[in-house]
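A.B. asks: Return a 3D structure for these sequence lines:
(2 chains)
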There are 2 protein chains.
Amino acid sequence: MITLYGSLDSGNCYKPRLLAAKLGLPFRHVEISSRDGSTRTDAFLARNPNGKVPLLELEDGRLLWESNAILLYMAEGTRFLPSDRYGRGVVHQWLFFEQYSHEPYVAVRRALVRYPERAAMATPERLAETLAGGNRALGVMETQLAKAPFIAGRSITVADIALFAYTQDAEYAGFDLGSYPAVTAWLDRVRADPGHVQLEWTPPEL
Amino acid sequence: MITLYGSLDSGNCYKPRLLAAKLGLPFRHVEISSRDGSTRTDAFLARNPNGKVPLLELEDGRLLWESNAILLYMAEGTRFLPSDRYGRGVVHQWLFFEQYSHEPYVAVRRALVRYPERAAMATPERLAETLAGGNRALGVMETQLAKAPFIAGRSITVADIALFAYTQDAEYAGFDLGSYPAVTAWLDRVRADPGHVQLEWTPPEL
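C.D. replies: From the prediction side, this is the model:
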């Protein structure tokens, strides 16, 4: 059985759990959080020198980190990854979009607004910058999802899993999803896909 | 023949040109820069809603964006992408590391320091933040490259192409590569790999 090291409140760590649920794939969860220093110990850094979760451990002990790399590994040979070269390319494109143009705004703003230990970093400039960047990313998704039911085309893929993780929490981060009807309808389509599980985290009240 | 839209001074746009050179793959280059608004026109946004280069156009007109997704597409079936599932997973891991933990610091600092139009954004806080983040990323690479000749193991892959693009310019961005001997030796190994071409850009004097 595979082991997923990560924290229950992280969207990045939720991605492989959500995919495992939809695939019916059993896994062991080990709680490790980047919020309490657990990912910066020597023991953890020996396993992921970048000091982040999620971290996947295979049955034979081999390790893999970076949430979207873990998704691609788990999805191989399943309905969540196209078998043709160009189709896979489009999935990769949206996975890199998620990590570069979406997560650093939507996910970072969620942490700034909702994690008490980040409050000191939530300057007006940082809040404005992450709001603008997140709205740009949601706008790009809106354009695409007005044309196709899923982000990479006709079928659900790991690109939907990756983008769903923090987009579902965008309201908690201070974004108004009412301005993005195609994104909102897509969130419901991903939820309706078989095997769906919710993120276990409930945000603290503001 | 494929077409690569991008600018000659961008490390992200250099990645697919470098891979094409090493593969001996002919391509057409069309100069489009994010520095003069060319990537924000309606015509360009219809081709990449995220308004960025590089953009790959296949012979049949199909499009693909995100530099590392383009690398993976071009590398399929070549010596730059392992054929086994776990080997590919490790390459993906380092490609996502490059976009999330390296490029936003090393590449962004290069632009802040060297592009005149970015000077107003080069605040002391932004310079300090990108210096610290870039040194963290170079430290992770140093740890890995002290153990293996290439970033994903024994052979060169697209993960080396991606990380080479801005690491080769790290000195221009204000990083001291003298502190990273394994990274410096790796830069020479990538340069020695057949078919290598240099980035066409020369930075303005400080």
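A.B. asks: Please count neighbours and contacts with C-alpha atoms only from this point.
C.D. replies: Noted.
A.B. asks: What segments of chain A are helices?
C.D. replies: In chain A, the segments counted as helices under DSSP state H are A:11-23, A:42-45, A:67-75, A:85-97, A:103-114, A:124-145, A:158-167, A:181-192.
A.B. asks: Span of stretch A:160-175 from start to end?
C.D. replies: Chord length of stretch A:160-175, first to last residue, is 19 Å (C-alpha to C-alpha, to the nearest Å).
A.B. asks: If you could redo that for stretch A:52-71, that was the one I meant.
C.D. replies: End-to-end distance (C-alpha to C-alpha), stretch A:52-71: 16 Å.
A.B. asks: give me every residue that touches the residue nearest to residue A:170 when sequence neighbours are not counted.
C.D. replies: Of all residues not flanking residue A:170 in the chain, residue A:106 sits nearest, at 6.3 Å (C-alpha to C-alpha, 6 or more residues apart in numbering or on different chains). Contact analysis of residue A:106 by C-alpha atoms under 8 Å, 6 or more residues apart in numbering or on different chains lists A:130, A:131, A:133, A:134, A:166, A:167, A:170, A:173.
A.B. asks: Which one of those residues is nearest to residue A:153?
C.D. replies: residue A:167 (18.0 Å; C-alpha to C-alpha).
A.B. asks: Now do the same contact list for the closest one.
C.D. replies: residue A:106.
A.B. asks: Could you measure from residue A:10 over to chain B?
C.D. replies: Distance of residue A:10 to chain B, computed by C-alpha to the nearest C-alpha, to the nearest Å: 16 Å.
A.B. asks: Take the helices of chain A and write them to a markdown table, including mean pLDDT.
C.D. replies: Below are the helices of chain A laid out as a markdown table (pLDDT from 0 to 100):
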| stretch | mean pLDDT |
| --- | --- |
| helix A:11-23 | 98 |
| helix A:42-45 | 96 |
| helix A:67-75 | 98 |
| helix A:85-97 | 98 |
| helix A:103-114 | 96 |
| helix A:124-145 | 98 |
| helix A:158-167 | 98 |
| helix A:181-192 | 98 |
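A.B. asks: So for residue B:86, which of those sits nearest?
C.D. replies: Of those, nearest to residue B:86 by C-alpha to C-alpha is helix A:67-75, at 7.2 Å.
A.B. asks: which other helices and strands contact the closest one?
C.D. replies: Here helix A:67-75 touches helix A:11-23, strand A:55-57, helix A:158-167, helix B:85-97, going by 3 or more C-alpha pairs under 8 Å, 6 or more residues apart in numbering or on different chains; DSSP states H and E.
A.B. asks: any idea how far the third one is from the chain center?
C.D. replies: Meaning helix A:158-167. Relative to the centre of its chain, helix A:158-167 is centred 5 Å away, using C-alpha atoms, centre = their mean, to the nearest Å.
A.B. asks: Report the angle between that helix and helix A:103-114.
C.D. replies: For helix A:158-167 against helix A:103-114, the angle by axes from the mean of the first three to the mean of the last three C-alpha atoms, to 10 degrees is 30 degrees.
A.B. asks: quick one, helix A:158-167 and helix A:67-75 angle?
C.D. replies: 140 degrees.
A.B. asks: Now do the buried residues in helix A:158-167.
C.D. replies: For helix A:158-167, burial by neighbour count (16 or more other C-alpha atoms under 10 Å in any protein chain shown) applies to A:158, A:159, A:160, A:161, A:162, A:163, A:164, A:165, A:166, A:167.
A.B. asks: just to revisit the earlier point, out of the helices and strands packed on helix A:67-75, which is closest to residue A:87?
C.D. replies: helix A:158-167 (11.4 Å).
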